[in-house]
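Engineer: Predicted model follows, preceded by the sequence.
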Amino acid sequence: MERVEQDESGVRLHLADGLVHEADLAIGADGIDSLVRRTLWGDSPKREHNLHIFGGYTFDENVETEPGMCVLSHTRTVQGSWTAIRDKGRDGHQ
C-alpha cells in the first residue's frame, strides 16, 4: 500500500500497482511502521512499551478448546489468549 485517503464517504487504499480499493473501513494491522496509523495520526517515534511475552503450546488431549476458535482477553495491564492449533495432523492449543 502506498497511500490511504479518508473522507466522509469512506476510505481509499492506493496500492503500488496503481489499483485503488474503496471501503467503508480500513483496519491498521500492518505492523509497527503502520501506514494506516501514520496516515490517521501522523508520524511518531517508536517508544518503549515494557511488554513481556510468554508463549507455549500443548498437544495434551485433556485440554478442551473449539477448533478454529481464538479467545483474547485483556485489561489495562494484562493480555492473555489461547488458540486451537493443528500441526502435522494433531490438534493442539497455544
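Structural biologist: Perfect, thanks for sending it.

Engineer: just the helices in the chain please.
Structural biologist: Secondary structure of the chain (DSSP state H): helices at 35-41.

Engineer: residues in contact with the residue nearest to Asp30 when sequence neighbours are not counted?
Structural biologist: Computed as C-beta to C-beta, 6 or more residues apart in numbering, the closest residue to Asp30 that is not its neighbour in sequence is Val36, at 5.9 Å. Placement of C-beta: from N, CA and C, glycine included. Contact partners of Val36, counting by C-beta atoms under 8 Å, 6 or more residues apart in numbering, are Val4, Ala26, Ile27, Gly28, Asp30.

Engineer: swap in Thr83?
Structural biologist: Neighbour list for Thr83: Thr65, Met69, Cys70, Val71, His93, Gln94 [criterion: C-beta under 8 Å, 6+ apart].

Engineer: Against Glu61, how distant is it?
Structural biologist: The gap separating Thr83 from Glu61 is 17 Å, by C-beta to C-beta, to the nearest Å.

Engineer: How much space separates Thr65 from Glu2?
Structural biologist: In terms of C-beta to C-beta, Thr65 sits 40 Å off from Glu2.

Engineer: Many thanks, we can stop here.
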